[in-house]
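>>> I would like the atomic coordinates for the input below:
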Amino acid sequence: MASLYIEVSVVFSVGLVLGSFATALSWRIPRNIPWIFRNGKRADFARSSCPHCHKVLSFFDLIPFFSWLFLRGRCRHCRHFIGWRYPATELLTVVGCLGIYGVWGFTIPAFLLMLAVSLLVALLVIDIEHMILPDQLNLMLAALAVVLMVYQMAAYGLSYGFGQHTLFLKLAGMLSFGGISWVTGWGIAKIIKKDALGAGDVKFFAVAGLWLGIAYLPYFLFFAGLLGVILGGGYKIFFKKQQFPFGPALIL
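Numbers count the residues shown, from 1 in each chain. Below you'll find the predicted structure:
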């Protein structure tokens, strides 16, 4: 029982850190703020600053979720309100990581999936706020799928169904998911005379196919479509806009 508490505590802490990572990605990438390299040099991720007064934040200002909670959602320097998107993004990542742990346990694949959760949450927030799915996050998610697949093939081999057959299914999934979404978007755009799916959506479809494989295509299409109808209706009611992002349905 003690080991369970320790593992849950570790996963919770990892989730908070990854949530902070997702928050930084969702803020910096749409605004073209470097998060890895700046002028050819590695960007100093620790030197985050308040978006209002631009004061450099200290370690105690950057503890995921808890800093926001203890400071009552305000900057310690200018006392300007810091939006709820930060703790919400971090807690959503924590919930996702705990869910992964509940299914996959305390394993290497689980931690790779937790990293994927942070990228998915960043994509979710960005698409809701800016209606884009950035290429660099799609590429990172695709690379992570390849890393997981290579690990599984190396660790389990053919006895667990991994190998050339699985590689074929994953690549076929990437091509079929991406191809069908592009054709569907093109056809709907011809009918309604405006874009139905953005390029980022099509690329995310392809990445999803790489993760899931071709066998899951019908399920993905059904549930993404169902969630798209539900979330699209809610988005129109809440934001009073006719155009809504489809990415959240794909991500969820």
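
>>> ranges for the helices of the stretch 1-150 of the chain?
For the stretch 1-150 of the chain, the helices defined by DSSP state H, counting those that start in this stretch occupy 2-28, 66-70, 85-104, 108-130, 135-156.

>>> any idea how far the last one is from the chain center?
In other words, helix 135-156. 14 Å (C-alpha atoms, centre = their mean, to the nearest Å).

>>> neighbouring contacts of that helix?
25, 29, 108-109, 112-113, 115-116, 119-120, 122-123, 126, 160, 162-163, 166-167, 170, 200, 203-204, 206-207, 210-211 (C-beta atoms under 8 Å, 6 or more residues apart in numbering). Just so you know, the C-beta spots here come from the backbone N, C-alpha and C atoms, and that holds for glycine as well.

>>> buried subset of the residues you listed?
25, 29, 112-113, 115-116, 119-120, 122-123, 126, 162, 166, 170, 200, 203-204, 206-207, 210-211 (16 or more other C-beta atoms under 10 Å).

>>> show the average pLDDT along the host helix or strand of K170.
Assigned by DSSP states H and E, K170 belongs to helix 164-192. Average pLDDT, helix 164-192: 82.

>>> repeat that for stretch 22-29.
92.

>>> list the contacts of the spatially most central residue of the chain.
Nearest residue to the geometric centre of the chain (C-alpha atoms, centre = their mean): L120, 1.1 Å. Contact analysis of L120 by C-beta under 8 Å, 6+ apart lists G96, L141, I251.

>>> so, low pLDDT: which residues of this protein?
By pLDDT under 70, the low-scoring segments of the chain are 35-47, 58-59, 157-165, 189, 192-196.

>>> not counting its neighbours along the chain, what's nearest L25?
In this structure, L25 finds its nearest non-sequential neighbour in A122, 4.0 Å apart by C-beta to C-beta, 6 or more residues apart in numbering.

>>> who are the contact partners of that neighbour?
F21, A22, T23, L25, S26, I29, T89, L137.

>>> returning to what we had before: among the helices of the stretch 1-150 of the chain, which is the most enclosed?
helix 108-130 (a mean of 21; mean count of other C-beta atoms under 10 Å).

>>> got the CA coordinates for it in CSV?
C-alpha atoms of helix 108-130 as CSV (Å, rounded to 0.1, in the frame of the first residue of the first chain):
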residue,chain,number,x,y,z
ILE,A,108,8.1,3.4,-19.2
PRO,A,109,5.2,3.3,-21.8
ALA,A,110,3.0,5.0,-19.2
PHE,A,111,5.4,7.9,-18.8
LEU,A,112,5.8,8.2,-22.6
LEU,A,113,2.0,8.4,-22.7
MET,A,114,2.0,11.0,-19.9
LEU,A,115,4.3,13.2,-22.0
ALA,A,116,1.8,12.7,-24.9
VAL,A,117,-0.9,13.9,-22.6
SER,A,118,0.9,17.2,-22.0
LEU,A,119,1.2,17.8,-25.8
LEU,A,120,-2.4,16.9,-26.3
VAL,A,121,-3.5,19.4,-23.6
ALA,A,122,-1.3,22.1,-25.1
LEU,A,123,-2.9,21.4,-28.5
LEU,A,124,-6.4,21.5,-26.9
VAL,A,125,-5.8,24.9,-25.3
ILE,A,126,-4.2,26.4,-28.4
ASP,A,127,-7.0,25.3,-30.7
ILE,A,128,-9.7,26.6,-28.3
GLU,A,129,-8.0,30.0,-28.0
HIS,A,130,-6.5,30.4,-31.5
